[in-house]
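Peer 1: Next one to model:
(one chain, ligands or ions: 1)
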Amino acid sequence: MRKSKNFMHNLLKTFKIGSSKEGQGEEDWERIAAQEQKHFAFEALVAATKEFHPTHKLGQGGFGPVYRGKLEDGREIAVKKLSHSSNQGKKEFTNEARLLARVQHRNVVNLLGYCAHGSEKLLVYEYVPNESLDKLLFKSDSKKELLDWKRRFDIIAGIARGLLYLHEDSHSCIIHRDIKASNILLDDKWVPKIADFGMARLFPEGETHVNTRVAGTNGYMAPEYVMHGSLSKAADVYSFGVVVLELVTGQRNSSFNLDVNAHSMLDWAYKMYKKGRSLEIVDPALASSASADQVAMCIQIGLLCTQGDPHLRPTMNRVVVLLSKKPGSLDEPIMKPGLPGSRYRRSRRPPGLSGSTGTTAGTSGTPLHSFGSGFNTSSTTVSTATTTTTSNIASSSDPHGKRPMQG
Ligand SMILES: Nc1ncnc2c1ncn2[C@@H]1O[C@H](COP(=O)(O)OP(=O)(O)OP(=O)(O)O)[C@@H](O)[C@H]1O
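Peer 2: Below you'll find the model as predicted:
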């Protein structure tokens, strides 16, 4: 479904994105926007957020604070306020407005409207109550318990559908460029919503990749993008694969420390998979809820998506199909994750060959806890890696682990 062209047009005009015809005054777009009910009066947002009261603050993004609010009609909203000081933020802010105005999908956060009031610029979203995935997965053990396997699997499937929509089904291809756990919001029914389109790019029709300056988050960026600025849908697929493995392991890729011989969670996951011990990487919090074959399938999908060669990664279309299939019919990941040094070098084994190496044990419906001692991941030892992974390449200079947006 598309949002109305008028909404898009008026939004662009509001933030002065693109060209605007001379002579069309502010009254014009105010009038049309009011008709569409997409333009929010500043006063309404002030009232909804109790004058942007600190207790209503949900967090601080790259371009400014986000506040929770309630409109007079009862709708709950999240309001992003552009910081006056941030030039970088202004660019991301307008980019987010421009791209989100084009999309509408169950798994993409819904932009309800916008407000420009003097120097104030604000975006108004549906409020997504269950916080971002990183807060649940990495920041508190009690919250982690809320994410049983069924929820995690549904989250994986939902993000996959949202990304497929952005890549293939919205009216032009959108590459998100910053898929990560903190940009996945969860609603009251645990439906995942892809958020934060500050760095997203519209992709030229007919192009398979473009070269661009690197901007993204450590631990989630594909090696060909980090090393060569080569951006394609496969870069989002890579980041998605990282999120899948983070959901399975409960470990953040960029700050992994369970195994001193592994450079990152991805490196660890791949090595354990190759040893046929992949169930040992599963988050202990999932012991009673996960089924081994479904978990094994997700590990394999995560590893397929994070292969160093972008051509070997599945498309999001393929991922959605794989997730809907019965486990056991997947290709083998034939290449290690995030290997910039051996870019495009293929294994002699053809893709799709399912050899015995690295396959995971499990029969249909077998609960994970019946696989015995596999959960003691801290005692795992693996051979010394000679490869460098994405998380080692990207420097970590800010608390968000985010590289600055350069272009
Ligand atoms: N629609 C929403 N509903 C509920 N919470 C939201 C919504 N949008 C954003 N938030 C919360 O507001 C905070 C800031 O979000 P924002 O997307 O601006 O930045 P971020 O992703 O945390 O950081 P960065 O910009 O560095 O990636 C986050 O904690 C996020 O969970």
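
Peer 1: remind me which residues of this protein are low pLDDT?
Peer 2: Counting by pLDDT under 70, the ranges of the chain that qualify are 1-37, 85-90, 205, 213, 327-334, 338-407.

Peer 1: Mind telling me which residue of it is nearest the ligand?
Peer 2: residue 61 (1.9 Å; CB to the nearest ligand atom). Just so you know, the C-beta spots here come from the backbone N, C-alpha and C atoms, and that holds for glycine as well.

Peer 1: Just give me the neighbour total for that residue.
Peer 2: Neighbourhood size, residue 61 [other CB atoms under 10 Å]: 23.

Peer 1: bridging residues for it?
Peer 2: residue 64 (DSSP bridges).

Peer 1: wait, doesn't it sit right on residue 195?
Peer 2: No - applying CB atoms under 8 Å, one finds residue 61 not in contact with residue 195, separated by 9.6 Å.

Peer 1: Chain neighbours aside, what residue packs nearest to residue 153?
Peer 2: Nearest non-adjacent residue to residue 153, counting by CB to CB, 6 or more residues apart in numbering: residue 294, 6.2 Å away.

Peer 1: Wait, residue 259 touches residue 268, no?
Peer 2: Yes - between residue 259 and residue 268 there is a contact at 5.2 Å, judged by CB under 8 Å.

Peer 1: quick one, which of the two is more surrounded?
Peer 2: residue 268 (26 against 20).

Peer 1: how about the more buried one, phi and psi?
Peer 2: With angles defined as degrees, to the nearest 10, residue 268 sits at phi -60, psi -50.

Peer 1: Residue 186 too?
Peer 2: phi -120, psi 130.

Peer 1: Can you get me a residue count around residue 231?
Peer 2: Neighbours of residue 231 (other CB under 10 Å): 24.

Peer 1: in which helix or strand would I find the residue nearest to residue 153?
Peer 2: Element membership for residue 294 (DSSP states H and E) is helix 292-305.

Peer 1: Give me the packing partners of that helix, helices and strands only.
Peer 2: Helices and strands touching helix 292-305, by 3 or more CB pairs under 8 Å, 6 or more residues apart in numbering; DSSP states H and E, are helix 149-164, helix 233-249, helix 265-274, helix 316-324.

Peer 1: what about those, which gets the closest to residue 337?
Peer 2: Residue 337 lies closest, by CB to CB, to one member of those: helix 265-274, at 4.1 Å.

Peer 1: Compute the inter-axis angle for that closest one and helix 292-305.
Peer 2: 120 degrees (axes from the mean of the first three to the mean of the last three CA atoms, to 10 degrees).

Peer 1: Could you check the angle helix 265-274 makes with helix 233-249?
Peer 2: Using the same axes, to 10 degrees: helix 265-274 against helix 233-249 is 70 degrees.

Peer 1: now for helix 265-274, which elements pack on it?
Peer 2: So helix 265-274, by 3+ CB pairs under 8 Å, 6+ apart, packs with helix 233-249, helix 292-305.

Peer 1: Of the ones you listed, flag the one that's most buried.
Peer 2: Most buried of the helices and strands packed on helix 265-274 by mean neighbour count (mean count of other CB atoms under 10 Å) is helix 233-249; its value is a mean of 27.

Peer 1: now for that helix, which elements pack on it?
Peer 2: The contact analysis (3+ CB pairs under 8 Å, 6+ apart) places helix 233-249 against helix 133-138, helix 149-164, strand 174-175, helix 223-228, helix 265-274, helix 292-305, helix 316-324.

Peer 1: What residues does residue 125 make contact with?
Peer 2: 77-80, 109-112, 195 (CB atoms under 8 Å, 6 or more residues apart in numbering).

Peer 1: Also residue 96?
Peer 2: Residues counted as contacts of residue 96 (CB under 8 Å, 6+ apart) are 80, 123, 196-198, 200.
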